[in-house]
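J.: Got a predicted structure here, sequence first:
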Amino acid sequence: MIGGSHRGRFITFEGGEGAGKSTQIELLARHLRDGGVDVTSTREPGGTPKAERLREILLSGKIASLGPLAEATLFSAARIDHVDRLIEPTLARGGWVLSDRFADSTRAYQGARGGVSRRDIDLLERAAVGATAPDLTFILDLPPETGLARAAARRQIGVNVDRFEAENIDFHRSLRDAFLDIAARHPLRCCVIDATRSVAEVSQTIRDLIAVRLVDGVRRMAAQ
Ligand code: TMP
């Protein structure tokens, strides 16, 4: 069994709208569970009852008028609860956490696009994340036109677009650049995945990367 007495692994999924993150998390969770891993899937903003309440406020756009720094602060407040009550305890007992978005989303959405300075984002990240940085981050990359079309197609009738999905195409283009920039600055942690390929191909690539980057490392640790 992978996990056990060792600290678990923390994997985050990032990218623009409609990149297929939740589908890939579902497939990976199933695959890891089949291999005996204790897996917790979660999302941001959200993941705990309090953070889910903040999610509702953030995605409704009700506090957009307070500006990007206030939004970034609220995303970070939700993250503090998520890290303290769900992510950290799961990792400490040897479980693996798969999160649909994490701190890179604040850097991309509120930092690169919202104009919050890198210094402020760094401060918020240090406060909210602390030592609980992801071991591996998959950035699911695709042209924003494709992602937005996919997001529109899967939206249920009567459900409104959220605050960020409703931004214009330039916003989504620079968001993509922001995620690619994060990947370039953190090559050991981040893997950019071409998300225009089929669900099965993307899923296989993710499994292969985990085998090379995480599972072998865990086995080596266990053998020591
Ligand atoms: P999603 O769960 O459908 O991806 O929606 C979450 C939305 O919130 C998405 O548009 C990205 C946005 N977001 C931020 O702007 N900053 C953040 O820190 C996080 C976690 C999400």
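T.: Arrived safely. Residues are numbered from 1 along each chain as shown.
J.: From here on, just use CA atoms for contacts and neighbour counts.
T.: OK.
J.: List the contacts of whatever residue of the chain ends up closest to the ligand.
T.: Nearest residue of the chain to the ligand, counting by C-alpha to the nearest ligand atom: residue 106, 3.4 Å away. Each residue near residue 106 by C-alpha atoms under 8 Å, 6 or more residues apart in numbering is listed here: 72, 75, 121.
J.: State the pLDDT value of it.
T.: pLDDT recorded at residue 106 is 96.
J.: ok so, going back, out of the contacts of residue 106, which touch the ligand?
T.: residue 75 (C-alpha under 6 Å from any ligand atom).
J.: Dump the contacts of residue 106 into JSON lines; add distance to residue 27, pLDDT and neighbour count as well.
T.: Shown next, in JSON lines, are the contacts of residue 106 (distance: C-alpha to C-alpha, whole Å; pLDDT from 0 to 100; neighbours: other C-alpha atoms under 10 Å):
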{"residue": "72", "distance to residue 27": "30", "pLDDT": "97", "neighbour count": "25"}
{"residue": "75", "distance to residue 27": "27", "pLDDT": "98", "neighbour count": "25"}
{"residue": "121", "distance to residue 27": "32", "pLDDT": "96", "neighbour count": "23"}
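J.: Residue numbers of this protein in contact with the ligand?
T.: Counting by C-alpha under 6 Å from any ligand atom, the chain sits next to the ligand at 44, 45, 75, 101, 102, 103, 105, 106, 109, 164, 165.
J.: In which helix or strand does the third one reside?
T.: For residue 75, the host element (DSSP states H and E) is helix 68-82.
J.: Report all helices and strands that that helix contacts.
T.: helix 49-60, helix 118-129 (3 or more C-alpha pairs under 8 Å, 6 or more residues apart in numbering; DSSP states H and E).
J.: For that helix, buried residues please.
T.: Neighbour-count burial for helix 68-82 flags 68-69, 71-82 (criterion: 16 or more other C-alpha atoms under 10 Å).
J.: Closest one to residue 54 out of these, please.
T.: Ranked by distance to residue 54 (C-alpha to C-alpha), the buried residues of helix 68-82 are led by residue 78 at 6.3 Å.
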